[in-house]
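*Asks:* give the three-dimensional model of this entry:
(one chain, ligands or ions: 1)
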Amino acid sequence: MVIFKTARPLTAFLADARAASGPIGFVPTMGALHEGHLSLIRQSKAATGLTVCSIFVNPTQFNNADDLKHYPVTIESDIEMLIGAGCDVLFLPPVAEVYPAGHEKLRYDLGALEAVLEGAYRPGHFQGVCEVVDRLLEIVEPDHLFMGQKDFQQCLVIGRLLDLTNRAGRTALHVEPTLREKDGLAMSSRNRRLTPADRAKAIRMSQVLVGIRDRFASTPPRTLEQTAITELTEAGFKVDYVSISNRHTLLPLEPGDPAAVALVAASLGPVRLIDNLVLDSSAPTAG
Ligand code: PAF
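*Replies:* The predicted structure follows:
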């Protein structure tokens, strides 16, 4: 695996590699890698000629300074894992390389997507995500972009970013299913910050989502949301939201709309977790 810390040599390397190896796949990450990330790398390897991963803890997407300070950094083991998964290129830039002096801060028109759920609880978060992904796409120019469904709203936002930046025809977005631990907990870099006691409680999140799915056909969405909030609160979570939404707009699901996804965000101590489950069996992934 070749490691680049600066943008220009990477872009030049990839221009040559594209001609020699074929389409380029890209997996942007903030490190603290787990099997979920590695499965994206494997998907990219299966579908493209060359796979690039980036590790960059993007300061502009953290609306909470404490969250940024405690974000896990495990570069050495990340590199080992990427080599093990057969990743071809790692982009590991410092902040000044991603946001050089004079970098123009754009405002991305994300519409209602930015106002709901994560957008409401993390003001500015999706502008920061768009800022960094826009810049990374400019550097890597991938043909295929791989992201995990666990960040369901982020996947919709990135779809919109590709449209806004006229990249939709050049870069195909692949949203891959969430990988879960044996007990159902969605894999996340944040899980490693859970205490053993909170890790034991955390399994309730996926169980509550499965409960919603099981009762979805027979119970009104708002009743399911209220029940789930009660269940999570009783399990020890501080709940931000449980929402049964239209899976394209993320607006509250209207009665009879089958395009449904259940999304949840809740904290155990200082660790905020999110998860989701698509309720519409004809659509296993986001989008
Ligand atoms: O999902 C993440 O890890 C980040 O939001 C991303 C897409 C790498 C942008 O920093």
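*Asks:* skipping adjacent residues, who's closest to Val242 in space?
*Replies:* Once flanking residues are discounted, Val242 sits nearest to Ala228: 4.3 Å by Cβ to Cβ, 6 or more residues apart in numbering. Bear in mind the C-beta positions are built from the backbone N, C-alpha and C, glycine included.
*Asks:* same question, Phe146
*Replies:* Nearest residue to Phe146 in three dimensions, chain neighbours excluded: Leu40, at 4.3 Å (Cβ to Cβ, 6+ apart).
*Asks:* tell me the secondary structure for that neighbour?
*Replies:* Following DSSP: H, G, I helix; E, B strand; the rest coil, the label given to Leu40 is helix.
*Asks:* residues touching it, list them.
*Replies:* Neighbouring residues of Leu40 by Cβ atoms under 8 Å, 6 or more residues apart in numbering: 27, 146-148, 176.
*Asks:* residues near Pro252, how many?
*Replies:* Pro252 has 14 neighbours, counted by other Cβ atoms under 10 Å.
*Asks:* find the nearest non-adjacent residue to it, please.
*Replies:* Setting aside the residues directly before and after it, Pro252 is nearest to Ser245 in space (Cβ to Cβ, 6+ apart), at 6.1 Å.
*Asks:* which other helices and strands does whatever helix or strand that neighbour lives in contact?
*Replies:* Taking DSSP states H and E as the definition, Ser245 sits inside strand 238-246. Applying 3 or more Cβ pairs under 8 Å, 6 or more residues apart in numbering; DSSP states H and E, one finds that strand 238-246 contacts helix 196-215, helix 221-234, strand 260-268.
*Asks:* can you tell me what sits against that strand?
*Replies:* Taking Cβ under 8 Å, 6+ apart as the rule, strand 238-246 contacts 116-117, 121, 208, 212, 216, 221-222, 224-225, 228-229, 232-233, 250-254, 257, 259-268, 272, 279.
*Asks:* same question, stretch 6-22
*Replies:* Residues lying outside stretch 6-22 but in contact with it, judged by Cβ under 8 Å, 6+ apart, are 2, 4, 24, 48-50, 52, 88-89, 91, 93, 97-98, 139-141.
*Asks:* one more time with 6 Å
*Replies:* 4, 24, 49-50, 91, 97, 139 (Cβ atoms under 6 Å, 6 or more residues apart in numbering).
*Asks:* those in helices, which ones?
*Replies:* If you go by DSSP state H, those have 97, 139 in helices.
*Asks:* now the contacts of stretch 6-22 in a markdown table, with neighbour count?
*Replies:* Formatted as a markdown table, those follow (neighbours: other Cβ atoms under 10 Å):
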| residue | neighbour count |
| --- | --- |
| Phe4 | 21 |
| Ile24 | 24 |
| Gly49 | 15 |
| Leu50 | 22 |
| Phe91 | 24 |
| Glu97 | 18 |
| Ile139 | 21 |
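*Asks:* now tabulate the contacts of stretch 6-22 in CSV and tack on pLDDT and distance to Gln127.
*Replies:* As requested, the contacts of stretch 6-22 are exported to CSV (pLDDT from 0 to 100; distance: Cβ to Cβ, whole Å):
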residue, pLDDT, distance to Gln127
Phe4, 98, 26
Ile24, 98, 26
Gly49, 97, 33
Leu50, 98, 30
Phe91, 98, 22
Glu97, 97, 20
Ile139, 98, 19
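*Asks:* and the helix or strand of the chain with the lowest mean pLDDT, is it in reach of the ligand?
*Replies:* None of the helices or strands of the chain scores lower by mean pLDDT, DSSP states H and E than helix 65-69, at a mean of 93. No: Helix 65-69 stays out of contact with the ligand when judged by Cβ under 6 Å from any ligand atom, the minimum separation being 11.6 Å.
*Asks:* and that helix, C-alpha only, in PDB?
*Replies:* Taking C-alpha atoms only, helix 65-69 is exported to PDB below (Å, rounded to 0.1, in the frame of the first residue of the first chain):
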ATOM      1  CA  ALA A  65     -15.300  20.200  20.700                       C
ATOM      2  CA  ASP A  66     -15.300  17.400  23.300                       C
ATOM      3  CA  ASP A  67     -16.400  14.800  20.700                       C
ATOM      4  CA  LEU A  68     -13.500  15.900  18.400                       C
ATOM      5  CA  LYS A  69     -11.000  15.700  21.300                       C
END
